[in-house]
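Chemist: Got a predicted structure plus its sequence, pasted below:
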Amino acid sequence: MNKNEKMVVIHEMGKLKCSICGQEKEVPECCQESMILKGDLLCCCTDECHHQHVPECCGQPMSYL
């Protein structure tokens with residue numbers, strides 16, 4: 001790569017999906033990264049940073065794709 005070329009980093013967002021109706025939505029972000037699913041949605045930096053409950057659809061928690 002020469003000094004005039006720019007490197008582009010593509011960050012693909014994770015998705016959540018309802019197993020009943022098939023609705024999909026992007027996984028929320030924290031610290032500019034997708035949150036990880038570990039019971040709840042957690043920030044990838046630290047447990048203390050931020051966490052959220054997994055969104056529900058059709059009365060049940062959505063699944064991580």
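Modeler: Sure, I can see it. Numbers count the residues shown, from 1 in each chain.
Chemist: Going by C-alpha atoms from here, please, whenever you check contacts or count neighbours.
Modeler: Will do.
Chemist: Leaving out sequence neighbours, find the closest residue to Cys18.
Modeler: Nearest non-adjacent residue to Cys18, counting by Cα to Cα, 6 or more residues apart in numbering: Met62, 4.8 Å away.
Chemist: what's the one you found in contact with, if anything?
Modeler: Leu16, Lys17, Cys18, Ser19, Val54, Pro55, Glu56 (Cα atoms under 8 Å, 6 or more residues apart in numbering).
Chemist: Local confidence estimate at it?
Modeler: Per-residue pLDDT puts Met62 at 92.
Chemist: and if you look at Asp40?
Modeler: On the pLDDT scale, Asp40 gets 84.
Chemist: Let me know whether it touches Glu56 as I believe.
Modeler: No: applying Cα atoms under 8 Å, one finds Asp40 not in contact with Glu56, separated by 11.8 Å.
Chemist: sorry, back to before: gap between the residue nearest to Cys18 and Cys45?
Modeler: 23 Å (Cα to Cα, to the nearest Å).
Chemist: Ile36 now?
Modeler: 10 Å.
Chemist: So which residue is dead centre in this structure?
Modeler: The centroid of the chain falls nearest to Val27 when counting by Cα atoms, centre = their mean (2.8 Å).
Chemist: Tell me who's in contact with that residue.
Modeler: Applying Cα under 8 Å, 6+ apart, the residues near Val27 are Met13, Gly14, Lys15, Leu16, Ser34, Met35.
Chemist: Count the neighbours of the second one for me.
Modeler: Neighbour count for Gly14, taken as other Cα atoms under 10 Å: 16.
Chemist: And the pLDDT for the closest residue to it other than its chain neighbours?
Modeler: Once flanking residues are discounted, Gly14 sits nearest to Val27: 5.4 Å by Cα to Cα, 6+ apart. The per-residue pLDDT reported for Val27 equals 86.
Chemist: what does the one 4 residues further on give?
Modeler: For Cys31, the pLDDT comes out at 81.
Chemist: Met7 now?
Modeler: 43.
Chemist: circling back to that earlier point, neighbour count: Ile36 and Cys45, which is higher?
Modeler: Neighbour tally, Ile36 and Cys45, criterion other Cα under 10 Å: the higher count belongs to Ile36, 19 against 13.
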